[in-house]
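J.: sequence plus predicted model, see below.
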Amino acid sequence: MATQQSTSANPKVNYKYRRNKARQEMRTQVTSFALMIFLTLIAFIMVMAGFDKYFVLPVLLVLAAVQVVLQLYNFMHMSHKGHEGVALFLYTGVFIAFITILTFLTIVWW
Amino acid sequence: MSTVAQKKGFLSVLWDYLTTVDHKKIAILYLISGGFFFLVGGIEAMIIRVQLAVPDNSFVSAGLYNELLTMHGTTMIFLAAMPLLFGFMNAVVPLQIGARDVAFPFLNSLGFWLFFFGGIFLNLSWFLGGAPDAGWTSYASLSLASEGHGIDFYVLGLQISGAGTLIAGINFLVTIINMRAPGMTYMRMPLFTWSSFVASALILFAFPPLTVGLFLMLFDRMFGAGFFDVSMGGNTIIWEHLFWIFGHPEVYILILPAFGIFSEIFATFSRKRLFGYAAMVFATVLIGFLGFMVWAHHMFTVGLGPTANAIFAVATMAIAVPTGVKIFNWMLTMWGGSIKFTTPMLYAVAFIPSFVAGGVTGVMLAAAAADYQYHDTYFVVAHFHYVIIGGVVLGLLAGTHFYWPKMFGTMLNETLGKITFWLFLIGFHGTFFIQHFLGLMGMPRRIWKFLPGQGLELPNLISTIGAFFMAVAVIVLLINIVITSVKNERVGNDPWGDGRTLEWAISSPPPFYNFKQLPLVRGLDPYWIEKMEGNTKMTPAEPIGDIHMPNNSFIPFVMSLGLFIAAFGAMYQVDWRASDGESFVWALPVLVIGMLITLGSMAVRSLKDDHGYHIHKEDLMEDEEGGRD
Ligand code: HEM
Ligand SMILES: [Cu+2]
């Protein structure tokens, strides 16, 4: 959906506003990019430092989840308006997958 | 395509249907092929009932009985009920939301052809060494031990037609989200559109587990992988989980659109706005959501443990609540309405007690401890036929009568329709009511014969007699269709006289571009609102302008045909390898050629731009009533 296109007929009208908006957008993108690299670094360091397995695994999973969220919201524009439907389907899917895996973990494999 | 009246030869009509991307024609394709498979499945059912009419019968052999039973269930669910529902969704949903077509017309056609070739492939098993024989659930311990190619036909056929279903489901999601006419907010969508929307979402989430399960089964059977083979460290229960994670939502994929059809019918023939619209929408969504939390109620006796059984039992019973909300809303829609008992309305009224009976036995089955007694008996058979025939099939028959004029421009004969209805209803209850008691008396399901002297004779005979009533009802319906088509008395926009939603505001059948001008929607039941204000037409939301239309395409057919061919190669390469390359040398080349056809047509589709064409404003103005022929 073309929700991010200017709605005004004359693109010059909102020029200042949109320029400002674009700058903010750029800032969040750069920050989250830096943050993601930082998180990746932590992950690698943690593994190389040879911490205990039961500490590393959950932290790795959490870091991965954070990365996915950053990716979706800041790079794939889910933070923008008009993505409520997408978000609904995404979370429903995640929830169903979670329930399924939980069941397998609790009553199939153990 | 020209809008000028012209007589077309058979071949050009055939070519038109093979290449069409028009949702209204694809609807007809779904209706014809779904109807065909319904007849095939029905004949299988009749043979089953004849075999069980008297004790110790040997009308069919034990092996053939298993094949008939398996193919009956598989055909009815995957190749009859679902495609017929897709037929109505295609015919009605774009019109109800005021759209000119679905979001992806090309994919719409691809979805149909995949389903069609998958279904044909599955049924060819009858002629190529034996049909699948492990039940429609195809539990792994049984199906891995099944000899011959029956199960391979099941796996490959369902894989192909399942891809078609998934494509169709996604298409409807996008269509309903993106293509609604101006003013058609979510909370103004007709209930059939809502229930199609939720059913499509269920397809989106439920079919991938089936796909995964089928792939694992394929690898087990063809390459000796051991996913479900306990002796190789696999786990046969995983198939059951994957199947039912798909399978339970599947039953709601079937029933929700039927609920939608009934909602339209209740409101139309009570000549009253649907009671509790918001509650209906909420209940639909809630049913869809809960449908994913209950699959293990099919596995109570597997030994998951008391905790798991208790959780799934409670979750299952919870579904009865939103279902009850819907039942009460339908009854309150009729309450105080000025009811007209047309054929569709008769089906709708009969649906309520029939479906409630199925729901009540459902809750009984959901009591996990009691289910140890009911499981795998005729009680379960009675339960699911009450919900599926009493719900889905009555819905399909009601929809056939209700939407026939919109799809074909002629009215089915009401007298014959009512005869069909009564025969079918009597036959249905005659066949299945007594099966509850057969089950409670201990008759196991899926058995080939029963013995005399155990009190099972009379109920089984009654059940078979009931089945013949249903068969006669279907024959009367076919006669009705033939008579109606031969007479060919054309009807106007709103043949029932009480249409409420947008599809009744345009001609029957609609012109191929549906709406000359997109309508402005001013509330729930938009056409009714206009009628109440004395208007005969919808207020347009746009000036007349050029309309962009997609071109017809033969590519979906070829793409699906390629997979159909490849499936034969994939299946027989097993024999080729088993014979050390002695026989079946053609298997591998056929697999490769099939895949090349599919991939090649995908490449053509991707590389060649197809921008469609425009209907010009001037032609639209001339085309006053805008019929197809
Ligand atoms: C109130 C709602 C419902 C409840 C509580 C319910 C509960 C159950 C339970 C517990 C079983 C398993 C019985 C056993 O194998 O021992 C079952 C089987 C079945 N149900 Fe339902 N059900 C409900 C509605 C439906 C609907 C709406 C449909 C289809 C449109 C449906 C179709 C089926 C089918 C096909 C089976 C048998 C599957 C097989 O083993 O082949 N049910 N139901
Ligand atoms: Cu179920």
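T.: Perfect, I can see it now. Ligands and ions are numbered 1, 2, ... in the order given.
J.: what stretches of chain B score poorly on pLDDT?
T.: Across chain B, the ranges flagged by pLDDT under 70 are B:1-7, B:624-629.
J.: so for the residue nearest the centre of chain A, what's the pLDDT?
T.: Geometric centre of chain A, nearest residue: A:V69, 1.9 Å, by Cα atoms, centre = their mean. For A:V69, the pLDDT comes out at 87.
J.: which neighbouring elements make contact with the helix or strand that contains it?
T.: Using DSSP states H and E, A:V69 sits in helix A:53-70. Applying 3 or more Cβ pairs under 8 Å, 6 or more residues apart in numbering or on different chains; DSSP states H and E, one finds that helix A:53-70 makes contact with helix A:15-48. For glycine as for every other residue, the C-beta is placed from the backbone atoms N, C-alpha and C.
J.: residues contacting B:A370?
T.: B:A370 makes contacts with B:M364, as judged by Cβ atoms under 8 Å, 6 or more residues apart in numbering or on different chains.
J.: helix, strand, or coil at it?
T.: helix (DSSP: H, G, I helix; E, B strand; the rest coil).
J.: re the thing from before, pull the residues that contact the helix holding A:V69.
T.: So helix A:53-70 is contacted by A:S32, A:L35, A:M36, A:L39, A:T40, A:I42, A:A43, A:M46, A:V47 (Cβ under 8 Å, 6+ apart).
J.: for stretch B:148-166, output the C-alpha coordinates as PDB.
T.: In PDB, the C-alpha atoms belonging to stretch B:148-166 read as follows (Å, rounded to 0.1, in the frame of the first residue of the first chain):
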ATOM      1  CA  GLY B 148       1.700 -49.800  -3.900                       C
ATOM      2  CA  HIS B 149       1.400 -46.200  -4.900                       C
ATOM      3  CA  GLY B 150      -1.900 -45.300  -3.200                       C
ATOM      4  CA  ILE B 151      -0.300 -43.100  -0.500                       C
ATOM      5  CA  ASP B 152       2.000 -41.600  -3.000                       C
ATOM      6  CA  PHE B 153      -1.000 -40.400  -5.000                       C
ATOM      7  CA  TYR B 154      -2.400 -39.000  -1.800                       C
ATOM      8  CA  VAL B 155       0.800 -37.200  -0.800                       C
ATOM      9  CA  LEU B 156       1.600 -35.700  -4.300                       C
ATOM     10  CA  GLY B 157      -2.100 -35.000  -5.200                       C
ATOM     11  CA  LEU B 158      -2.700 -33.100  -2.000                       C
ATOM     12  CA  GLN B 159       0.600 -31.300  -2.200                       C
ATOM     13  CA  ILE B 160      -0.400 -29.900  -5.600                       C
ATOM     14  CA  SER B 161      -4.000 -29.000  -4.800                       C
ATOM     15  CA  GLY B 162      -2.900 -27.700  -1.400                       C
ATOM     16  CA  ALA B 163      -0.600 -25.200  -3.100                       C
ATOM     17  CA  GLY B 164      -3.700 -24.100  -5.100                       C
ATOM     18  CA  THR B 165      -5.700 -23.600  -2.000                       C
ATOM     19  CA  LEU B 166      -3.000 -21.600  -0.200                       C
END
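J.: how far off centre is that stretch?
T.: Computed by Cα atoms, centre = their mean, to the nearest Å, the chain-centroid distance of stretch B:148-166 equals 16 Å.
J.: may I see the buried residues of that stretch?
T.: B:149-166 (16 or more other Cβ atoms under 10 Å in any protein chain shown).
J.: list the ones among these that fall in helices.
T.: Mapping the buried residues of stretch B:148-166 onto helices (DSSP state H) picks out B:150-166.
J.: ok, residue 107 - contacts?
T.: All of this is about chain A. Contacts of A:I107 (Cβ under 8 Å, 6+ apart): B:A296, B:L304, B:G305, B:A308.
J.: that's the wrong chain, I wanted chain B
T.: B:I167, B:A168, B:I170, B:N171.
J.: with B:T165 instead?
T.: By Cβ under 8 Å, 6+ apart, the neighbours of B:T165 are B:F78, B:M82, B:F86, B:G111, B:F115, B:I203, B:F207.
J.: hmm, the fourth one is touching B:A168, no?
T.: Yes - taking Cβ atoms under 8 Å as the contact criterion, B:G111 and B:A168 are neighbours in contact, 3.7 Å apart.
J.: any shared contact partners between those two?
T.: Shared contacts of B:G111 and B:A168, counting by Cβ under 8 Å, 6+ apart, come down to B:F86.
J.: which SS class is B:H614?
T.: Under three-state DSSP, B:H614 comes out as strand.
J.: how close does the residue lying closest to B:T342 once chain neighbours are set aside get to B:S161?
T.: Once flanking residues are discounted, B:T342 sits nearest to B:F269: 5.9 Å by Cβ to Cβ, 6 or more residues apart in numbering or on different chains. For B:F269, the distance to B:S161 equals 35 Å [Cβ to Cβ, to the nearest Å].
J.: kindly report the same for B:L332.
T.: 39 Å.
J.: quick check: bridge partners of the residue in the stretch 501-629 of chain B that chain A sits nearest to?
T.: Using Cβ to the nearest Cβ, the single residue of the stretch 501-629 of chain B nearest to chain A is B:H548, 16.4 Å away. Beta-bridge pairing for B:H548 (DSSP bridges): B:H614.
J.: who does the strand or helix carrying B:A348 touch, helix- and strand-wise?
T.: Following DSSP H and E, one finds B:A348 within helix B:343-366. Where contact means 3+ Cβ pairs under 8 Å, 6+ apart, helix B:343-366 is packed against helix B:236-270, helix B:306-334, helix B:368-374, helix B:378-387, helix B:394-408, helix B:414-440.
J.: for chain A, which residues are neighbours of chain B?
T.: By Cβ under 8 Å from any Cβ of the partner chain, the part of chain A that sits against chain B consists of A:1, A:85, A:89, A:92-93, A:96, A:99-100, A:103-104, A:106-108.
J.: return the subset of those lying in strands.
T.: Among the residues of chain A next to chain B, no member falls in strands (DSSP state E).
J.: give the ChimeraX command for selecting the buried subset of the residues you listed.
T.: In ChimeraX syntax, the buried subset of the residues of chain A next to chain B is picked out as below (16+ other Cβ under 10 Å):
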select /A:92,96,100,103,104,107
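J.: any chance of the residues of chain A next to chain B in TSV with distance to ligand 1 and pLDDT as columns?
T.: TSV is the format used below for the residues of chain A next to chain B (distance: Cβ to the nearest ligand atom, whole Å; pLDDT from 0 to 100):
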residue	distance to ligand 1	pLDDT
A:M1	34	38
A:G85	26	80
A:F89	23	88
A:T92	20	88
A:G93	23	88
A:I96	19	87
A:I99	18	86
A:T100	19	86
A:T103	17	84
A:F104	20	84
A:T106	20	84
A:I107	17	80
A:V108	19	76
